[in-house]
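> below are the sequence and a predicted model for it; my questions follow.
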Amino acid sequence: ATLKIATLAPDGTNWMKLMRQAARDIKKDTDGRVKIKYFPGGVQGSDKSVLRKMRIRQLQGGAISTGAMAQIANASLIYNLPFTFRNLDEVRAIRAEFDPIIKQALADKGFEVLGLSEGGFAYLMSDQALKTSDDVRSRKVWVPEGDQVSLSIFEAGNVEPISLPVSDVYTSLQTGLINTIAATPSAAIALQWHTKLQYATDFPLVFLFGMMVVDQRAFDKLSDADQQVVRQTMASAFKAMDSQNQKDERGARAALQQNGMQFVELSAEDKALWQQLADKALTELKAQNVYPADIYQRLQQRIEAFRNQQTATAE
Amino acid sequence: MKRLIDWLHRAEDVLLILLLLAMIVLAGVDIIARTVFGGGIVWISPLLRVMVLWLGLLGALMATRTREHIAIDLINRLGGDTLKRLSGVVTSVFAAIVCGLIAWHAQEFVKGSFEYGDIAFSQVPAWPLQLVIPLAFGLMALRFAIQSLGIALHGSTDPEASA
Amino acid sequence: MSILVPLILLLLALAGAPLFAVIGASALWGFYQTEVDLQVMAVEIYRVAEMPVLIAIPLFTFAGYLLGESKAPQRLVRITDAFLGWMPGGLAIVALAACALFTAFTGASGVTIVALGALLVPALQKAGYRQQFNLGLVTTSGSLGLLFAPSLPLILYGVVAQQMALDTPVSIDDLFLAGLIPGGLMLLALSVYAALQPRDSHKTEHKFDKAEAWAAIKDSAWEIPLPVVVLGGIYSGFFAVSEAAAITALYVLIVTVLIRGEISFTKLPGVMRDSMKLVGAILLILAVSLASTNYMIDAGIPEQIFAFIQQHVSDGFTFLLLLTLFLLVLGMMLDIFSAIVIMIPIILPIAVQYGIHPVHLGILFLANMQLGYFTPPVGMNLFIASFRFNQPVMTLYRATLPFFFILLATVLIITYVPELSLMLL
Ligand code: NA
Ligand code: NA
């Protein structure tokens, strides 16, 4: 069987290289019974288009943002809420417990999750140094179209962001239609947005995740043994990808600094103010049932425990 | 029958004109919201994009009434009346079949969208917005079919007589 | 069997079947052959509602129709005659530059032909140019400007090429700079051709007349702010493109209907319907083309053709020549965004091996794509112009042919003289 998998990630990236290697391994280990064909670069359309094409079985899978998957199962969003994680260690500490929850929520909707991939922390980047939400209020802030979580955070801070498609961001930064964005260092470099921005606020806004999902109906057609091969190969590919991504993000951050971007430190009070705004936004999103509040609360407890344990060992 | 068709044409015209005016006004409101009140209204641009699809398909439907579609039309210019009539019938039947096929599969697609609860933007379900695809292609199929009859019987597409 | 179906479709197209039905049928047939559920047609058609750039099309088209139906073309002729009457080809050169700038930020979707053509073709005619020349100029200009900032294809090329982690970085700003001279060369070549055009004898060049110039300005007082607001608004970051389109439509509506009264309230619905019929005809073809492009992507056809071509390459010179041919065909088959995303990752590494600078490749790639938009027999803009100006496609083939050869020559120069693209970097 051939699994046709679409992604927005462009061809030639480290991500795609690892994916193609996994496809070769799977083909070899299943004696050619399972082939994977990728459609990178968004040629099959937006995440929503890809999901529609999976529904009609033109495609069997896609590497899709958690935002788009959240409309199918809101548990997809638990890692993507603002200021949840402060560093990568915290992310790694809870994944063993919460990855299966996300996978199960999507399995209930007919999606086999082949992997969750870490996408790095997004930072506020601007043409001015931004410390408080008052600073942000004077800026023209971009939010991606359809990104409800980001929108709620900014609106909680009385910032009225400008919603534009990703394709318009470069031109809009150049003309000054927008001058503030939230992005991971590697995305800012890949899309060359960093050439128009000079400051980053050194306080991670949100941790980005992506996931590769396959249509359960297609996956069930594979023999149990082949399913195991696909799962295991992909799992180790995603593991390799996470450490590759960590390296890429670190490299991207260094490259940003080399290009003259300044990372602005925040005081403890500033950070607390941001946290207040996030809490306000989260309460609102909870009321709209955007994310599963009970699971998220448990996630926060685990992170809290991990932080206490870290400080304990440090002392 | 004639009154029904007139009514349908009138309804399409009114809907099209209202959509175009609404597009201009909504886009204007968005600019005012962004420049005067500091932030755009998030649902306006996805709505405008759907309106583009609706306007396009309604415009295409209207163009089908008088058969004003982009075409090459080489044989007609070289051939005589019989050939013209023949190619008129054949191409109309062909267009009717293509539109009919698209309309049929589009309604299947919209049904799927409804069942899966596909969301277009904000909390708006996608299926009512997608419904324009089977409707427009279905009506186009009907119009092309009636035109092929018109050409076969009268030798021309009488725009008054065709739906 | 495999040759029979395309042959029948070709015959149907020549017999005057609507082009959208022919393209739609080819997509349906392809998907049917590869056992893809035909609901995919609806998925692809719905993608029209996911493309932000398209919002500008109905709005600019409507504005263009209003201007074309009003007396704006006469006023445009008067004012260019007053200021540029001394210059051979004055109005034609203004038209070329206007189209190039307009295309730079709307893309080559045909909206330039529809929106500006409505104004420019009657104006050029009144200025005494041959109708053939006018049609050719406007059709050609529909894709002129892809090389100028802030054209989206240029940005997309930069992003895709940047991912390839090449030794030479490809910055979008560099691409903007690199496009200036090649794009300018195209404009210059066409301007020279325009200046050499014969005009009706009584409309020959004359000296500048101050009084007439002032009168012409007053006459066009309502139109003059338009390019300033639209271009200035976009380039200064005050408007997004779709917003500029909305402002234009609203402004032109108020001026032509309420202020000047050149289009009456009873005539207005007719103009709206006519303009939206054209929008429908264009978007319908675009929608089914998305489906046929998707079939080709799904079946991996562009990659196969390129692999075939690559077998016959031995040196950089042949590579560029075959690449030019391939890109012309590709430009006719695929939309420009798909072409970039699919082909650049394949072409770029090979091009680099032959010593081609990635920025230069981007410029020549887009220059070729630009040509593809009006390459006979199936360049999309030929059909759009044929429809808009109610002329047989054959007339458009003839009208664009001189322009095609002029631009083909400049494309070859751009291809084989990389310094043109690289000297500003
Ligand atoms: Na686009
Ligand atoms: Na094309």
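That came in fine, so what should we check first? Ligands and ions are numbered 1, 2, ... in the order given.
> touching chain B at all, the helix or strand residue A:90 falls within?
If you go by DSSP states H and E, residue A:90 is part of helix A:88-107. No: residues of helix A:88-107 contacting chain B under C-beta under 8 Å from any C-beta of the partner chain: none, with a closest distance of 13.8 Å. In short, each C-beta sits where N, CA and C put it, glycine included.
> angle of the following helix or strand past that helix against helix A:88-107?
On the C-terminal side of helix A:88-107, the closest following helix or strand by DSSP H and E is strand A:111-126. Taking axes from the mean of the first three to the mean of the last three C-alpha atoms, to 10 degrees, strand A:111-126 and helix A:88-107 form an angle of 140 degrees between their directions.
> what secondary structure does residue C:424 sit in?
Following DSSP: H, G, I helix; E, B strand; the rest coil, the label given to residue C:424 is coil.
> so it sits against residue C:180, correct?
Yes: the pair residue C:424 / residue C:180 is scored as a contact, 6.2 Å apart, by C-beta atoms under 8 Å.
> neighbour count for those two, which is higher?
residue C:180 (17 against 12; other C-beta atoms under 10 Å in any protein chain shown).
> for that one, identify the helix or strand it belongs to.
Applying DSSP H and E, one finds residue C:180 within helix C:172-195.
> show me what counts as buried in that helix.
For helix C:172-195, the neighbour count (16 or more other C-beta atoms under 10 Å in any protein chain shown) marks C:172, C:174-183, C:185-187, C:189-191, C:193-194 as buried.
> near chain A, from those?
Subset of the buried residues of helix C:172-195 in contact with chain A: residue C:172, counting by C-beta under 8 Å from any C-beta.
> give me the phi and psi for the residue of the stretch 201-315 of chain A found nearest chain B.
At 8.5 Å from chain B, residue A:288 is the closest residue in the stretch 201-315 of chain A, using C-beta to the nearest C-beta. In this entry, residue A:288 is assigned phi and psi values of phi -90, psi 0 (degrees, to the nearest 10).
> try the one 3 residues further on
The phi and psi torsions at residue A:291 (degrees, to the nearest 10) take the values phi -140, psi 160.
> residue numbers of chain A in contact with chain C?
A:4, A:10-13, A:39-46, A:48-49, A:52-53, A:56-58, A:164-165, A:167-168, A:170-172, A:174-177, A:190-192, A:195.
> residues contacting the helix or strand of chain C with the lowest mean pLDDT, please?
Lowest on mean pLDDT, DSSP states H and E among the helices and strands of chain C sits helix C:233-235, with a mean of 79. Contact with helix C:233-235 is made by A:175, C:105, C:239, C:240, C:241, C:243, C:244, C:247, as judged by C-beta atoms under 8 Å, 6 or more residues apart in numbering or on different chains.
> thinking residue A:66 is in contact with residue A:77, fair?
Yes: using C-beta under 8 Å, residue A:66 is in contact with residue A:77, at 6.0 Å.
> against residue C:359, how distant is residue C:22?
In this view, residue C:22 and residue C:359 are 38 Å apart by C-beta to C-beta, to the nearest Å.
> residue C:178 too?
Look at residue C:178 and residue C:359: by C-beta to C-beta, they are 5 Å apart.
> mutual contacts of those two, please.
C:421, C:422, C:425.
> what's the local residue count around residue 36?
With no chain named, the answer covers chain A. Neighbour tally, residue A:36, other C-beta under 10 Å: 24.
> try chain C instead
22.
> for the shared contacts of residue C:178 and residue C:359, which single residue is the most surrounded?
Highest count within the shared contacts of residue C:178 and residue C:359 by other C-beta under 10 Å belongs to residue C:421, 27 neighbours.
> that residue contacts residue C:363, doesn't it?
Yes: contact criterion C-beta under 8 Å: residue C:421 and residue C:363 qualify, at 4.4 Å.
> what touches both of these two?
Residues touching both residue C:421 and residue C:363 by C-beta under 8 Å, 6+ apart: C:178, C:179, C:182, C:414.
> from residue C:216, how far off is residue A:44?
Taken as C-beta to C-beta, the span from residue A:44 to residue C:216 is 53 Å.
> between the two, point out the one with more neighbours.
Using other C-beta under 10 Å, the more surrounded residue of residue A:44 and residue C:216 is residue A:44, with 28 against 19.
> list the contacts of the more buried one.
Residue A:44 touches A:6, A:50, A:53, A:59, A:62, C:294, C:297, counting by C-beta under 8 Å, 6+ apart.
> brilliant, that's me finished.
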